[in-house]
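In: Model the following, please.
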Amino acid sequence: MRFATSPDDVLARLAALREHDAPTHGGHVLSYVYDSGEPELDELAGAAVRAMQPVNGLDPTTFGSVAALERDLIAFTRDLLGGDEDAAGPVVGTVTSGGTESCLLAVKTARDAWLAARGLAPGAARPRLVAPVTVHAAFQKAAHYFGLALDLVPVQPGGAVAADDVAARLEDADDVALVVVSAPSYPHAALDPVAEVAAHAAQRGVPVHVDACIGGMALPFWPGLPAWDLRVPGVTSLSVDLHKYGYAPKGVSVLLQRGRDRQRGQYFATTRWPGYPVVNPTLLGSRSGGPLAAAWAITQALGREGFATLAERSRHATDALRDAVGRVEGLRVVGEPVGPLLAVATDDAVAPERRVDPHLWADAATARGWVIQAQPAFPQADGTVLPHTTHLTVTPVTARVLDDLVPALTAAADEVRGASRPDAGALLEQLAGSGVPLDGPPDSATAAGILGGLGLDASRIGDEGPGVGPMAPLLAAIEALPAPLAERLLVELLARLAEPRG
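Out: Residues are numbered from 1 along each chain as shown. Okay, here's the model as predicted:
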């Protein structure tokens, strides 16, 4: 066959593009990627993906390997996360394309069960989804997609929700389809009081979902934790990602549900068209068998003992980073983080000239080759404000680079100590003076102009490098601007990344 471009040239172009990405191995990116530090696992995952590359997970009656791999993966996660059969029924599950899909399906199932119990059709009523403000944004997406009212509960300064505060939202529980808690939450690594919340919810007949997408493959090996998984009475579903601390390539997650009848409501099935009968347990129809096979291969190779070993490495590195941050004047770790992640904020107990802004710190660390993730401050409905922070996700490979990472983070803090973060107030004045409406989303051209004023240029991403510039100005703008405007700017930034150039 004659190719427009030779396969060797295509791969060379791909390799050149990848050179500009942040490194996915070696521990220099403390978010987004989960490096086991074991090259053999990467090779195993790659071989498993190649073996399943042509397989379509849409139809396990045609590709029986899909059903076999999914059975094993669900059994492994079910046994790890306490999914024994009880009076409420057996724990069954589905392999999905990622945590977002698992969360969406958990909410859809709860909504449909709530409607069915009342004899209502979708759209006939709008039940509530009750969750802490720290719950993953995937649940905001789920509420938006499936027509639920999102009832967010303020959290305590350390990031965990108080069980009594959730209970107060359930006093009139007839319109509540689902309560969600996190194990742990992404922003602050706070473990919500799962057992206490589930007890309150069970008294009112409300199901509880535990979002363990980030922690589910690590927390089973974390010592001294209260009950948080499917062993807790009243927990009806749980999500866990295998492409995080399961070390599989993206995207693969598992949604576990208690009770066959409840889980069957998750499916979409139709014979009402002229083609083949369509039966989908997930939002996707055609599905790659690659990530499924990779996750299966890794769980088979590691077993429970192997995951315990990797979790211990992550725990050692997390403890070391907590201690290191504690020695940096001007910074503090938020709350009592649980699992292999943590958030860092300014230490307001020291004099202003000795404080370190976490977003400036993140930019300075990135300039030194260590990517850590800035998170904006968040005003809660009760008037309290969760501080702006920087997030660190810790993986087993982090333990091997501590001797380089800790000095780099310390030097980055020294560089920006006493420096003020970008003036968001000045940005608001500038926008108001320019006539940009602050009460609604601007058009594409106006949004791009605002981004340029913030020093953010989407055209830099891709051929010329992995970043759009310092994140501190963008995060200050997100905090200062009305949410619809801030969200519109972010949409514009991301949308322009994929636009053809020239």
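In: hey, let's count contacts and neighbours off CA atoms from now on
Out: Will do.
In: Wait, residue 108 touches residue 268, no?
Out: No - contact status for residue 108 versus residue 268: not in contact, 11.0 Å apart, counting by C-alpha atoms under 8 Å.
In: Between the two, which has more neighbouring residues?
Out: Higher neighbour count among residue 108 and residue 268: residue 108, with 23 against 13, using other C-alpha atoms under 10 Å.
In: At which residues are the strands of the stretch 1-150 of the chain located?
Out: Taking DSSP state E, counting those that start in this stretch, the strands of the stretch 1-150 of the chain run over residues 91-96, 128-132, 149-153.
In: Output the last one as PDB, restricted to C-alpha atoms.
Out: By that I understand strand 149-153. C-alpha atoms of strand 149-153 as PDB (Å, rounded to 0.1, in the frame of the first residue of the first chain):
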ATOM      1  CA  ALA A 149     -30.300  19.400  41.900                       C
ATOM      2  CA  LEU A 150     -26.800  19.600  43.400                       C
ATOM      3  CA  ASP A 151     -26.900  20.200  47.200                       C
ATOM      4  CA  LEU A 152     -23.400  20.900  48.300                       C
ATOM      5  CA  VAL A 153     -22.500  20.900  52.000                       C
END
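In: ok now stretch 317-327, how far from the chain's centre?
Out: Distance, stretch centre to chain centre, for stretch 317-327: 23 Å (C-alpha atoms, centre = their mean, to the nearest Å).
In: hmm, who's touching that stretch?
Out: For stretch 317-327, the surrounding residues in contact (C-alpha atoms under 8 Å, 6 or more residues apart in numbering) are 331-333, 340-342, 344, 394-396, 398-399, 402, 406.
In: How about stretch 47-64?
Out: By C-alpha under 8 Å, 6+ apart, stretch 47-64 touches 66-67, 280, 285-291, 293-294, 297.
In: Okay, now the unreliable bits of the stretch 201-350 of the chain?
Out: By pLDDT under 70, the stretch 201-350 of the chain contains no weakly predicted segment.
In: Chain neighbours aside, what residue packs nearest to residue 277?
Out: In space, and not counting its chain neighbours, residue 277 is closest to residue 271: 4.9 Å by C-alpha to C-alpha, 6 or more residues apart in numbering.
In: For that neighbour, what are phi and psi?
Out: Here is the backbone geometry of residue 271 (degrees, to the nearest 10): phi -110, psi 10.
In: Most neighbours out of the contacts of stretch 317-327, which is it?
Out: Most surrounded of the contacts of stretch 317-327: other C-alpha under 10 Å gives residue 395, at 32 neighbours.
In: Thought residue 27 was touching that residue, still the case?
Out: Yes - with contact defined as C-alpha under 8 Å, residue 395 and residue 27 form a contacting pair (7.5 Å).
In: Neighbours of residue 275, how many?
Out: Neighbours of residue 275 (other C-alpha under 10 Å): 7.
In: where's residue 124 relative to residue 114, distance?
Out: Distance from residue 124 to residue 114, counting by C-alpha to C-alpha, to the nearest Å: 11 Å.
In: If you could redo that for residue 315, that was the one I meant.
Out: In terms of C-alpha to C-alpha, residue 315 sits 40 Å off from residue 114.
In: and what of residue 206?
Out: From residue 206 to residue 114 the distance is 9 Å (C-alpha to C-alpha).
In: Averaged over its residues, which helix or strand of the protein has the lowest pLDDT?
Out: Using mean pLDDT, DSSP states H and E, helix 424-434 stands out as the lowest-scoring helix or strand of the chain, at a mean of 70.
In: can you give me phi and psi for residue 258?
Out: phi -90, psi 120.
In: Beta-bridge partners for it, please?
Out: residue 91 (DSSP bridges).
In: Apart from its neighbours in sequence, what residue is nearest residue 354?
Out: residue 418 (5.2 Å).
In: quick one: the one you found is in a strand?
Out: No - secondary structure of residue 418 (DSSP: H, G, I helix; E, B strand; the rest coil): coil, not part of a strand.
In: That one: what's it in contact with?
Out: 352-357.
In: so can I have CSV of the residues you listed showing neighbour count?
Out: Listed next are the contacts of residue 418 as CSV, based on neighbours: other C-alpha atoms under 10 Å:
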residue, neighbour count
352, 15
353, 11
354, 19
355, 24
356, 29
357, 25
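In: In CSV: the residues you listed, plus pLDDT and distance to residue 453.
Out: Listed next are the contacts of residue 418 as CSV, based on pLDDT from 0 to 100; distance: C-alpha to C-alpha, whole Å:
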residue, pLDDT, distance to residue 453
352, 95, 28
353, 96, 28
354, 97, 30
355, 97, 27
356, 98, 25
357, 97, 22
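In: Which of these fall in strands?
Out: Among those, no member falls in strands (criterion: DSSP state E).
In: And the residue nearest to residue 277, how far from residue 278?
Out: 7 Å.
In: sorry, back to before: and residue 124 and residue 114? which has more neighbours close in?
Out: Each of residue 124 and residue 114 has its neighbours counted (other C-alpha under 10 Å); residue 114 has more, 22 against 10.
In: May I have the residues that are in contact with that one?
Out: By C-alpha under 8 Å, 6+ apart, the neighbours of residue 114 are 127, 177.
In: And for residue 187?
Out: Contacts here follow C-alpha under 8 Å, 6+ apart; on that basis residue 187 touches 134, 159, 342-343, 375, 391.
In: which neighbours do residue 395 and residue 27 share?
Out: residue 35.
In: now the strands for the stretch 151-300 of the chain?
Out: 176-182, 208-211, 235-241, 253-258, 268-270, 278-280.
In: so residue 26 makes contact with residue 35?
Out: Yes - at 7.4 Å, residue 26 and residue 35 qualify as touching, with contact defined as C-alpha under 8 Å.
In: ok, residue 182 - how many residues close by?
Out: With other C-alpha under 10 Å as criterion, residue 182 counts 29.
In: can you put the contacts of residue 187 in CSV and add distance to residue 60?
Out: Converted to CSV, these look like this (distance: C-alpha to C-alpha, whole Å):
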residue, distance to residue 60
134, 37
159, 42
342, 40
343, 42
375, 41
391, 40
